[in-house]
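[1] no sequence on this one, just coordinates:
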């Protein structure tokens, strides 16, 4: 979508006209499509990285994924999570109520403060990394070479944090302007850079260094792209000195609880990594499983959540309770319509998926089997991971960041206790079991709180939709599990074709995945989980037209 080089202020709607609405479902679909492209490219990136670095056979892979996890943890907690929750409603309120100039000043002050905090955090982490590594990965202590490599690589990747913090803030500016294309596209820069630097490498250690340097280079490129896009959208955010104004104090007051609330899943993943450091290769198994189960969370939960927050904030500001309930209904139904079948597929054929996609080079079948055991248990937690992203905006749009914070702290506590206990009882799969359990507990708490406060109550029609979607997902999952169990018979005719480049297992995974999606598409329409009219409305609605409610009958 092209935008003019100078800001254009749209004319106000005529008297008596319905208020403009930004097309929450359509925005989600745009964001999801671009995120899908980025995630597919990210999958290709991970295929190359795991083939070059391996898993349990080398020290390079565990060290590299440690280096990637640490800045990502802070990025998701303090940059994307906190500022998506605290910054976007404040910016959107000023943009709608006080004009572009006031909103730009608000964004400039926020960017200056965020830059100072994240740069200071980066420098402190780099200096303290040799000591922090004892806490992050105590299992590496008995392997000095791996420990040393993990420290150096993490110091190299830490500058990614301030770059992504700024990118996340300007992405929020774009979202408040109803622009979602660059927000969905800019993660692709990381995947392109990583492929370019890792592909030529043949030595695992050299590849790990190249990948870590590529992370920093990509961060600069991502920040530059989003800043440019925000200016094209009309946001003239200047470089200013940090100031602790009343607005910034209020932003910090909301951002700290929001950071904690948004951090539950990420802290749980980080705790999982600490436990995994006790087993050689387990960090890589976690990352491989993470790549697959995080796909529906990114495509569905994050996409709907990002589009829902400004829309919900605007509806509540206008006092339009009906529209606020409508977008929550849409988010819940469509979120589960896409995450439940994903969960069914991940649980139906976890080892087959990972073996078909990742087993090559230094990543062997034993690694695929171990990662598949993790993926199965992340599978039943997938709908909860998505629902967390959809339900949190119902609190954030009301500028309530403390309630989700409490729930997040409880979730983290459950994950730590259950994770440690299950790790020593059932091994590495216990890590995934604890993470999924903690996510469901957080979701239940949010649903109960929204119900009791009267902020959101799913109607019987919405519950009926969810039941129908669940039935379609169960049927599809059962058929996928049957085929995966009879894998040899399924792959035999594919192998007989003797196709070049790809083997029977790779083609089999693709055919089964595409077939499963097509089957679910038919089943969900037959069961009435989603109607054709709803799909047409979600795909064709434009900004400025009235919202089309989900048919909940």
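    Nice, I can see it. Bear in mind the structure is a predicted one, so any value in this text is a computation, not a measurement.

[2] Leaving out the residues flanking it, which one is nearest to residue 179?
    Distances taken as CB to CB, 6 or more residues apart in numbering place residue 233 nearest to residue 179, at 5.1 Å, with adjacent residues excluded. Yep, even glycine has a C-beta here, placed from its N, CA and C like the rest.

[3] Now the phi/psi pair for residue 397, please.
    Phi and psi for residue 397, reported as degrees, to the nearest 10, are phi -60, psi -20.

[4] swap in residue 360?
    Phi and psi for residue 360, reported as degrees, to the nearest 10, are phi -170, psi 160.

[5] picking up where we left off before, the residue nearest to residue 179 against residue 183, yeah?
    No. Look at residue 233 against residue 183 with CB atoms under 8 Å: they stay out of range, at 10.6 Å.

[6] what's the overlap in contacts for those two?
    Counting by CB atoms under 8 Å, 6 or more residues apart in numbering, the shared contacts of residue 233 and residue 183 are residue 174.

[7] So for these two, which sits in the more crowded spot?
    Neighbours were counted for residue 233 and for residue 183 using other CB atoms under 10 Å; residue 183 has more, 27 against 19.

[8] Figure out the helix or strand that the more buried one lives in.
    Element membership for residue 183 (DSSP states H and E) is helix 181-185.

[9] in that helix, what's buried?
    182, 183, 184, 185 (16 or more other CB atoms under 10 Å).

[10] Stretch 442-458 too?
    Within stretch 442-458, the residues that count as buried by 16+ other CB under 10 Å are 442, 443, 445, 446, 447, 449, 450, 455, 456, 458.

[11] Residues contacting that stretch, please?
    So stretch 442-458 is contacted by 264, 325, 328-329, 332, 384, 387-388, 391-392, 394-395, 398, 403-404, 407-408, 410-411, 466 (CB under 8 Å, 6+ apart).

[12] which ones among those residues are found in helices?
    The helices, defined by DSSP state H, take in 264, 325, 328-329, 332, 384, 387-388, 391-392, 394-395, 403-404, 407-408, 410-411, 466 from the contacts of stretch 442-458.

[13] any weak-confidence spans in the stretch 351-500 of the chain?
    Judged against pLDDT under 70, the low-scoring parts of the stretch 351-500 of the chain cover residues 498-500.

[14] tell me the contacts of the residue lying closest to residue 381 once chain neighbours are set aside?
    Distances taken as CB to CB, 6+ apart place residue 436 nearest to residue 381, at 2.5 Å, with adjacent residues excluded. Counting by CB under 8 Å, 6+ apart, residue 436 touches 377, 378, 380, 381, 384.

[15] residues touching the first one, list them.
    What it means is residue 377. Contact analysis of residue 377 by CB under 8 Å, 6+ apart lists 429, 432, 433, 436.

[16] which residues sit in contact with the first one?
    Residue 429 makes contacts with 373, 374, 376, 377, 422, as judged by CB under 8 Å, 6+ apart.

[17] what's the farthest-apart pair in those residues?
    Spatial extent of the contacts of residue 429 (CB to CB) is set by the pair 376 and 422 at 13.9 Å.

[18] mean confidence score for stretch 240-254?
    Stretch 240-254 carries an average pLDDT of 80.

[19] for stretch 217-229, same thing?
    90.

[20] Can you give me the buried ones in that stretch?
    217, 218, 219, 220, 221, 222, 223, 224, 225, 226, 227, 229.

[21] Leaving out the residues flanking it, which one is nearest to the last one?
    With sequence-adjacent residues excluded and distances taken as CB to CB, 6+ apart, residue 229 is closest to residue 182, at 3.8 Å.

[22] Go ahead and confirm the one you found touches residue 223.
    No. Contact status for residue 182 versus residue 223: not in contact, 11.8 Å apart, counting by CB under 8 Å.

[23] Now do the same for residue 514: its pLDDT.
    90.

[24] how much space between it and residue 210?
    33 Å (CB to CB, to the nearest Å).

[25] These two - which one has more neighbours?
    residue 210 (19 against 10).

[26] mind checking how far residue 198 is from residue 385?
    Noted for residue 198: a distance of 28 Å to residue 385, by CB to CB.

[27] for residue 380, phi and psi?
    phi -70, psi -10.

[28] And the helix holding residue 183, what does it pack against?
    Contacting helix 181-185 under the criterion 3 or more CB pairs under 8 Å, 6 or more residues apart in numbering; DSSP states H and E are the following elements: helix 24-53, helix 160-176, helix 204-232.

[29] mind checking how far it is from the chain centre?
    14 Å (CA atoms, centre = their mean, to the nearest Å).

[30] Please identify the buried residues of the helix or strand that that helix is followed by?
    Per DSSP H and E, helix 181-185 leads on to helix 188-198 as the next helix or strand towards the C-terminus. Judged by neighbour count using 16+ other CB under 10 Å, the buried positions of helix 188-198 are 188, 189, 190, 191, 193, 194, 195, 197, 198.

[31] So which residues make contact with helix 188-198?
    34, 37-38, 41-42, 44-45, 48-49, 52, 207, 210-211, 213-215, 217-219, 221-222, 225.

[32] who's in contact with the closest residue in space to residue 216 that isn't next to it in sequence?
    Spatially, and ignoring its direct neighbours in sequence, residue 216 is nearest to residue 159 (4.9 Å; CB to CB, 6+ apart). Residue 159 makes contact with 122, 216, 219, according to CB under 8 Å, 6+ apart.

[33] how about CSV for these, with distance to residue 169 added?
    Below are those laid out as CSV (distance: CB to CB, whole Å):
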residue, distance to residue 169
122, 16
216, 19
219, 14
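
[34] closest to residue 242 among those?
    Set against residue 242, the nearest of those by CB to CB is residue 122 (16.0 Å).

[35] how far away is the closest one from residue 156?
    11 Å.

[36] which residues does the closest residue to residue 61 other than its chain neighbours contact?
    Spatial nearest neighbour of residue 61, chain neighbours left out: residue 53 (4.0 Å); criterion: CB to CB, 6+ apart. Counting by CB under 8 Å, 6+ apart, residue 53 touches 60, 61, 64, 204, 207, 208, 211, 284, 362.

[37] what's downstream of the lengthiest helix in the chain, the next helix or strand?
    Across the chain, the helix with the greatest residue count (assigned by DSSP H) is helix 100-136. On the C-terminal side of helix 100-136, the nearest following helix or strand under DSSP H and E is helix 144-157.

[38] Can you pull out the residues in contact with that next one?
    Outside of helix 144-157, the residues within contact range by CB under 8 Å, 6+ apart are 59-60, 62-64, 66-68, 70-71, 125-126, 129-130, 133, 137, 140-141, 205, 208-209, 212-213, 215-216.

[39] how about 6 Å then?
    59, 63-64, 66-67, 70-71, 126, 129-130, 133, 140, 212, 215 (CB atoms under 6 Å, 6 or more residues apart in numbering).

[40] Neighbours of residue 433, how many?
    Residue 433 - counted by other CB under 10 Å - has 21 other residues nearby.

[41] Pretty sure residue 420 is one of the things it touches, is it not?
    No. Counting by CB atoms under 6 Å, residue 420 is not a contact partner of residue 433; they are 12.0 Å apart.

[42] hmm, back to that, which of the contacts of helix 144-157 are buried?
    For the contacts of helix 144-157, a burial check counting by 16+ other CB under 10 Å picks out 59, 63-64, 66-67, 70-71, 126, 129, 133, 140, 212, 215.

[43] and which of the buried residues of helix 188-198 is nearest residue 315?
    residue 188 (31.3 Å).

[44] On the three-state scheme, the nearest residue to residue 107 once chain neighbours are set aside is what?
    Leaving aside its chain neighbours, residue 107 sits nearest to residue 237 (4.6 Å; criterion: CB to CB, 6+ apart). Look at residue 237: counting by DSSP: H, G, I helix; E, B strand; the rest coil, its state is coil.

[45] Kindly report the same for the one 4 residues further on.
    Reduced to three states with three-state DSSP, the structure at residue 241 is coil.
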